[in-house]
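Engineer: Have a look at this fold, sequence not included:
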């Protein structure tokens, strides 16, 4: 399914500054506030933002999420809500399918747009399509790429072109990226890379974009009568057994989900860390690959080249998944 371009949707929903629009920010595998394109776009376009996270029961059927990742996700969602509350907002938490939850919340909040990040896998794209199909007529889904990669990959998301072009003026970026998607300069959009060698060669022609900053304050959370905020479901409610032991990090500390935990670990180990040590946070989007790249580079990492190569492998994996999903 193709994602709608920026500006598409209900009459009067444009790309100007924040007006009277009411937005819904759908958190997925992007449980952070730094380097968050969907949040950045919602801040530009909306007067109020209702943030939502759905614990999709299809993700907790034993095939995709085990006890450790589930507990990590619980911690990350709690941490996200805590941070949102510090910044003048909140998080609605639901146990249910996004295509059931989001249309109902949009109806309650009288929202005109849902902002989110697109995903590469077919099953995730099918969820996006189902959400778009069931949204109220006045409401549009705006999905943006690049949340889980170092370079901005083309996931078939037309919204990303304009979204990424706007980033040059944000955070003082000196990036050469102008079109936002791979293909703007390298031609990758029309020339598939079948192996890592060709993919890596193309990517090394691109600068790594600077990460977006965390907003100092968020748009107000809409006051909707009768809307409950919800709580993080228990492991039993998710049908997941309790982990038998704690997840330990290389420095001996117990790994905890959440953006602040990820950034704290990165600050302590920026000069020595490798991507596999950050993998739990990468998997849920608690930490941006671009944020980690620039922090490691600033810390004069002794294995900076290896760090970059491993991030490129992550990009190549998502690129390959995206290609297979669109066939």
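Structural biologist: Everything's here; your move. Please read these numbers as outputs of a predicted model, since none were measured by experiment.
Engineer: max-length helix in the protein?
Structural biologist: Longest helix in the chain by number of residues (criterion: DSSP state H): helix 304-325.
Engineer: Just list what that one packs against, helices and strands only.
Structural biologist: helix 122-134, helix 196-203, helix 275-284, helix 289-298 (3 or more Cβ pairs under 8 Å, 6 or more residues apart in numbering; DSSP states H and E). Placement of C-beta: from N, CA and C, glycine included.
Engineer: What residues of it count as buried?
Structural biologist: Neighbour-count burial for helix 304-325, counted by 16 or more other Cβ atoms under 10 Å, picks out 307-308, 310-312, 314-316, 318-323, 325.
Engineer: Stretch 262-275 too?
Structural biologist: 262, 263, 265, 266, 269, 270, 273, 275.
Engineer: I figured the fifth one was touching residue 251, is that so?
Structural biologist: Yes - taking contacts as Cβ atoms under 8 Å, residue 269 lies within contact range of residue 251: 6.9 Å.
Engineer: pLDDT on the longest helix of the chain, on average?
Structural biologist: Mean pLDDT, helix 304-325: 90.
Engineer: what packs against whichever strand or helix holds residue 142?
Structural biologist: For residue 142, the element it lies in under DSSP states H and E is strand 140-144. Secondary-structure packing of strand 140-144 (3+ Cβ pairs under 8 Å, 6+ apart): helix 37-45, strand 113-117, helix 122-134.
Engineer: which of those is buried the deepest?
Structural biologist: Greatest average neighbour count among the helices and strands packed on strand 140-144 goes to strand 113-117 (a mean of 26), per mean count of other Cβ atoms under 10 Å.
Engineer: Identify the neighbouring strands of it in the sheet and state each direction.
Structural biologist: Strands that pair with strand 113-117, judged by DSSP bridges, come out as strand 22-27 (parallel), strand 140-144 (parallel).
Engineer: any idea of the angle the shortest one forms with helix 37-45?
Structural biologist: Between the axes of strand 140-144 and helix 37-45, defined by axes from the mean of the first three to the mean of the last three Cα atoms, to 10 degrees, the angle is 130 degrees.
Engineer: quick one: average confidence on strand 140-144?
Structural biologist: The model assigns strand 140-144 a mean pLDDT of 95.
Engineer: how about residue 54, what does it touch?
Structural biologist: Residue 54 sits next to 26, 94, 95, 96, 97, 98, 101, 102 when contact means Cβ atoms under 8 Å, 6 or more residues apart in numbering.
Engineer: Surely it is within a strand?
Structural biologist: Yes - with DSSP: H, G, I helix; E, B strand; the rest coil as the criterion, residue 54 is part of a strand.
Engineer: Need the residues that contact stretch 274-282.
Structural biologist: 69, 72, 148, 247, 249-250, 255, 257, 261-262, 265-266, 269, 287, 289, 292, 303, 306-307, 310-311, 314.
Engineer: next one: it to chain centre, how far?
Structural biologist: Relative to its chain's centre, stretch 274-282 lies at 16 Å (Cα atoms, centre = their mean, to the nearest Å).
Engineer: What of stretch 271-289?
Structural biologist: 14 Å.
Engineer: Just the buried positions in it, please.
Structural biologist: 273, 275, 277-278, 280-289.
Engineer: mind checking the end-to-end distance for it?
Structural biologist: Using Cα to Cα, to the nearest Å, the end-to-end distance of stretch 271-289 comes out at 16 Å.
Engineer: All set now, cheers.
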